[in-house]
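Undergrad: heads up, no residue letters with this:
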Ligand SMILES: Cc1cc2nc3c(=O)[nH]c(=O)nc-3n(C[C@H](O)[C@H](O)[C@H](O)COP(=O)(O)OP(=O)(O)OC[C@H]3O[C@@H](n4cnc5c(N)ncnc54)[C@H](O)[C@@H]3O)c2cc1C
Ligand SMILES: NC(=O)c1ccc[n+]([C@@H]2O[C@H](COP(=O)([O-])OP(=O)(O)OC[C@H]3O[C@@H](n4cnc5c(N)ncnc54)[C@H](O)[C@@H]3O)[C@@H](O)[C@H]2O)c1
């Protein structure tokens, strides 16, 4: 039942916000979740789930095609209509009833409408019929409103009816020709999905692909996209975009123009904070909301933010991690309990700085966690790097004929702990958690030797990376003698 006062009020009802509310309620507090669109947010309906649903079927076919004996059984092509039907099923036809049922079952109050701060601990909710309700938070307000795609100011782009990630993931009829602007995660995943549908994909990146990761990741994804039939233009600028009767025309600096049926803009995100009432508490609308590690905004004892809107790590799992922490810390502060805010304590999101795992579901997959070699050196660590071709691991040989993969482990030589791991190859995403555990646990390299991977699994890559590291160290010591 809706009331006007709650312990915790959460503006936004995405996957991240749901976790804040759940923890608050489990801790004995009352919580209101305010959502103006679909409960479950971007991830459930327009991002993680539908994008992976679009990617998985072609991946399954290619997996079978890489195993002699199974390949012979794959005689048809992808049934794109069926892929879209399965995607529709996984997003519940954009109906959030199952999430609403879950919210109801937890004791959280769901309030449908647009939420805006209206001064200290006050939130105004405007319902679809225009009626408003003023709510008061006894303990905390949490802003969890997510992010929106950025449309760059390239001349003509905004007026050419560009697709954003929402259009790409909710597509009902796959276009014949798709141009993609951007070289990040959305661009590479959608290029993979649409190339798999048989669409003519032209990806235009102003630098390389996946440039925040180890260089070999972007290089391998570039090669693979080209093998899948996509055109990949690197270090290329689009100077003008225009929609005409025969499609969208892209002018390319120093190159031939591109014509496509649709253009997908995948050039990053901006915070969804234009209309959240930030000005009523002295903050600037449209800004990201940086927080301390307990997810509280500096200068406030009642205002928190979680998820994309904080700009800490724009990933569902990392947002949910922050959410679990903020739920717990609000409960602790409300009860006057001790707050464990030392690094890696129960009430701080330390992993956001040290160990953010990410799987990019391209083919090959890119799985990364922690620091790249370049980032580790820039941060002042003395590092050694162990590289290994995953295709040499017995488990990979059995798994797929001609398995192509590459792994890198970045080690802090002073503390002899792992700082980062990047794996590129078919299905490497599920190997990543071992690396995350090693980094978060700061497991000494000498102890990792005792974590024996099963034979013949691809996880033997761990043994090979350790052996490579050991050999490198030995060679360096001999050279010093
Ligand atoms: C194409 C794509 C694929 C992705 N794939 C992955 C993936 O595979 N894995 C991964 O970890 N991450 C992925 N991400 C990132 C992931 O989607 C986001 O990090 C995640 O959705 C952020 O969650 P959030 O709760 O912070 O924001 P959102 O999911 O955007 O939720 C915010 C909610 O707040 C609501 N809201 C906003 N303002 C108000 C208001 N004033 N009043 C009421 N309600 C409001 C919105 O309607 C929304 O429901 C992907 C992103 C994209 C674009
Ligand atoms: N599998 C996953 O985990 C997954 C999948 C999709 C998205 N996401 C998350 O969603 C977020 C958004 O993804 P994204 O791909 O939009 O952003 P991104 O930050 O990954 O990539 C943005 C790309 O756009 C390019 N770019 C920026 N401005 C440009 C301009 N004016 N002209 C041309 N190119 C420009 C950048 O060089 C970069 O290549 C990411 O932070 C990512 O973590 C995660």
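TA: Cool, got the structure. Model, not experiment: these values are computed from the prediction. Numbers count the residues shown, from 1 in each chain. Ligands and ions are numbered 1, 2, ... in the order given.

Undergrad: mind listing what residue 304 touches?
TA: Residues in contact with residue 304 (CB atoms under 8 Å, 6 or more residues apart in numbering) are 140-143, 291, 294-297, 326, 330. Glycine gets a C-beta too; all of them are placed from N, C-alpha and C.

Undergrad: How about the residues of the stretch 1-150 of the chain by ligand 1?
TA: 11-17, 34-37, 41-43, 47-48, 51-52, 114-116, 144-146 (CB under 6 Å from any ligand atom).

Undergrad: if you set the cut-off to 5 Å instead, what comes out?
TA: 12, 14, 16, 34-37, 41-43, 47-48, 51, 114-115, 145-146 (CB under 5 Å from any ligand atom).

Undergrad: returning to that earlier point: closest to ligand 2 among the contacts of residue 304?
TA: residue 291 (17.4 Å; CB to the nearest ligand atom).

Undergrad: Please name the spatially closest residue to residue 325 (chain neighbours excluded).
TA: residue 349 (5.2 Å; CB to CB, 6 or more residues apart in numbering).

Undergrad: So the one you found belongs to a strand, correct?
TA: No - the assignment for residue 349, made by DSSP: H, G, I helix; E, B strand; the rest coil, is coil rather than a strand.

Undergrad: show me the contacts for it.
TA: 293-295, 312, 321-322, 325.

Undergrad: Sort out which one of those residues lies nearest ligand 2 for me.
TA: Distance to ligand 2 across the contacts of residue 349 (CB to the nearest ligand atom) is lowest for residue 312, with 10.7 Å.

Undergrad: What count of nearby residues applies to that closest one?
TA: Residue 312 has 24 neighbouring residues, counting by other CB atoms under 10 Å.

Undergrad: helix, strand or coil for it?
TA: Under three-state DSSP, residue 312 comes out as coil.

Undergrad: Partner strands of whatever helix or strand residue 408 lives in, with direction?
TA: Secondary structure from DSSP states H and E places residue 408 in strand 406-412. Applying DSSP bridges to the sheet, strand 406-412 is found paired with strand 383-389 (antiparallel), strand 417-425 (antiparallel).

Undergrad: The next helix or strand after the longest one: how far from the chain's middle?
TA: It stands for strand 417-425. Sequence order places helix 432-440 as the next helix or strand after strand 417-425, per DSSP H and E. The chain centre lies 17 Å from the centre of helix 432-440; the measure is CA atoms, centre = their mean, to the nearest Å.

Undergrad: Stretch 225-232 too?
TA: Worked out by CA atoms, centre = their mean, stretch 225-232 lies 23 Å from the chain centre.

Undergrad: now do stretch 131-141
TA: That offset, for stretch 131-141, works out to 31 Å (CA atoms, centre = their mean).

Undergrad: Equivalent analysis for stretch 53-65, please.
TA: 20 Å.

Undergrad: which outside residues touch that stretch?
TA: Contacts of stretch 53-65 (CB under 8 Å, 6+ apart): 70-71, 73-74, 78-79, 82-83, 86-87, 90-91, 169, 171, 189-190, 192-193, 196-197, 361, 363, 400, 426-427.

Undergrad: one step back: now which of the contacts of residue 304 would you call buried?
TA: 140-143, 291, 294-297, 326, 330 (16 or more other CB atoms under 10 Å).

Undergrad: tell me which parts of the stretch 201-350 of the chain are close to ligand 1?
TA: Going by CB under 5 Å from any ligand atom, the residues of the stretch 201-350 of the chain near ligand 1 are 307-308, 314-317, 319.
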